[in-house]
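Engineer: Kindly return the folded structure for what I paste below:
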Amino acid sequence: MATATAGPSLAVNCQNGGNAVKFLTLSRKCDGYIDTNPNCNGGTPWPQGNVNYCASPVICSTQGTCNELPLEPITMSNTNTDARCSGVLPNQDAHNHSSNISHLASITLVEWRVSGQRRGCLWKSSPLLMRCQDGGKLELMENYPFCSVLPEENMVQCQSFAPFSIAKEESIGIFVKCTGKIENQLVLSTEIPSQNLEVECDHEGTIIQSIMLSSGCGEYGTDEFTLINHPSFCRAEEQVYTADDTHSHCFVGDTCMFDEGCNNIQLAPIIANTGSNDVKKCAYVL
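Structural biologist: Have a look, this model is predicted:
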């Protein structure tokens, strides 16, 4: 049995009348014939001669240029149970052989940054919560002693990595893997909830924190591994802080305005995820 999926994508800068199409077909060699009649579970069935395709076409029908035309995801599956389409390899004993199910995976770098006492406040950040969407499995790729897995909630919770820091600011990077069977399960969602924080702030002392998500592409741990960050990873546009052309943080902060100082401050929540359609996504087959 086989299933193939091509996720959503964009055709860009199409002229009037221009068209784009992506398509799949599945063919299987069987004893005495080639099986080419799979099911089109998502997309448009598109027979061409003796071959059945599953397609997702678009046409630019507006005057001028179509900046973006979305191509819907397409899925095909082959469920033919004809015994002539499977067999035991002559050089393998299949009696005790098990077939592993293939999964997809994504890698994300979560950069968490908080301020410290040199900005005028001693404080401890709210925890960082991380999930893979739609039931995807989350895995920490390194040991982070301040993080714990909550399997009953399918979530990882990281406590403040630098509570009551005396520095101006502190930062740490957390590498996370999401594993699943569909693309949506590869999306990493992060949140720092809004809580009433106990602080010791001088007059005009400031507390700030931020999250920056970067999707990984290329083999992890090699020179080919690259990270892609985009402002659209931040769910609240007003929280986007662009450090340079390739680094955008989801940023919140507050300043104590009382002459006698402050003992509590509440920051807005930070919510970010890697589900943006504006960014090339990298997936790995396990």
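
Engineer: Count the residues that sit near the closest residue to Thr79 other than its chain neighbours.
Structural biologist: Leaving aside its chain neighbours, Thr79 sits nearest to Met1 (6.0 Å; criterion: Cβ to Cβ, 6 or more residues apart in numbering). For glycine as for every other residue, the C-beta is placed from the backbone atoms N, C-alpha and C. When neighbours are counted by other Cβ atoms under 10 Å, Met1 registers 10.

Engineer: just Gln185 next, same as before
Structural biologist: By other Cβ under 10 Å, 20 other residues sit near Gln185.

Engineer: And the residue nearest to it when sequence neighbours are not counted, how far from Gln63?
Structural biologist: Using Cβ to Cβ, 6+ apart and skipping the chain neighbours, the partner closest in space to Gln185 is Gly136 (3.1 Å). Using Cβ to Cβ, to the nearest Å, Gly136 is found at 42 Å from Gln63.

Engineer: so how many other residues sit close to the residue nearest to Gln185?
Structural biologist: 26.

Engineer: Verify the stated contact: it with Val187.
Structural biologist: Yes. Gly136 is in contact with Val187 according to Cβ atoms under 8 Å; the separation is 7.4 Å.

Engineer: Identify the contacts common to those two.
Structural biologist: Shared contacts of Gly136 and Val187 (Cβ atoms under 8 Å, 6 or more residues apart in numbering): Cys178.

Engineer: Just say helix, strand or coil for Arg118.
Structural biologist: helix (DSSP: H, G, I helix; E, B strand; the rest coil).

Engineer: give the contact list for it.
Structural biologist: 166-168.

Engineer: ok, now how distant is it from Gly42?
Structural biologist: Taken as Cβ to Cβ, the span from Arg118 to Gly42 is 54 Å.

Engineer: From Ile211, how far off is Ala272?
Structural biologist: From Ala272 to Ile211 the distance is 5 Å (Cβ to Cβ).

Engineer: nope, Leu186 is what I meant
Structural biologist: Applying Cβ to Cβ, one obtains 18 Å for the distance of Leu186 from Ile211.

Engineer: Which one of the two is surrounded by more residues?
Structural biologist: Using other Cβ under 10 Å, the more surrounded residue of Leu186 and Ile211 is Leu186, with 29 against 24.

Engineer: got the phi/psi numbers for the closest residue to the more buried one other than its chain neighbours?
Structural biologist: Spatial nearest neighbour of Leu186, excluding adjacent residues (Cβ to Cβ, 6+ apart): Ser106 at 3.9 Å. Note on Ser106: backbone dihedrals following degrees, to the nearest 10 are phi -130, psi 160.

Engineer: Now name the helix or strand holding the residue nearest to Val12 when sequence neighbours are not counted.
Structural biologist: Among residues not flanking Val12 along the chain, Glu68 sits closest, at 5.6 Å (Cβ to Cβ, 6+ apart). For Glu68, the element it lies in under DSSP states H and E is strand 65-71.

Engineer: gap between the two ends of stretch 58-67?
Structural biologist: 13 Å (Cα to Cα, to the nearest Å).

Engineer: Double-check that Glu152 belongs to a helix.
Structural biologist: Yes. When three-state DSSP is applied, Glu152 is found to be in a helix.

Engineer: Spatially central residue for this protein, please.
Structural biologist: Val187 (2.9 Å; Cα atoms, centre = their mean).

Engineer: Contact partners for it?
Structural biologist: Going by Cβ under 8 Å, 6+ apart, Val187 touches 106, 132-134, 136, 178, 273-275.

Engineer: Could you check the pLDDT of it?
Structural biologist: At Val187, the model reports a pLDDT of 95.

Engineer: Against Asp35, how distant is it?
Structural biologist: 34 Å.

Engineer: And Pro231, by the same measure?
Structural biologist: Distance of Pro231 to Asp35, computed by Cβ to Cβ: 47 Å.

Engineer: Likewise for Gly221?
Structural biologist: 40 Å.

Engineer: try Gly87
Structural biologist: 14 Å.

Engineer: Same question for Tyr53.
Structural biologist: Taking Cβ to Cβ, one finds Tyr53 at 15 Å from Asp35.

Engineer: And for Pro70?
Structural biologist: 32 Å.

Engineer: Pick out whichever of the two has more residues nearby.
Structural biologist: Neighbour count, other Cβ under 10 Å: between Pro70 and Asp35, Asp35 has more, with 15 against 12.
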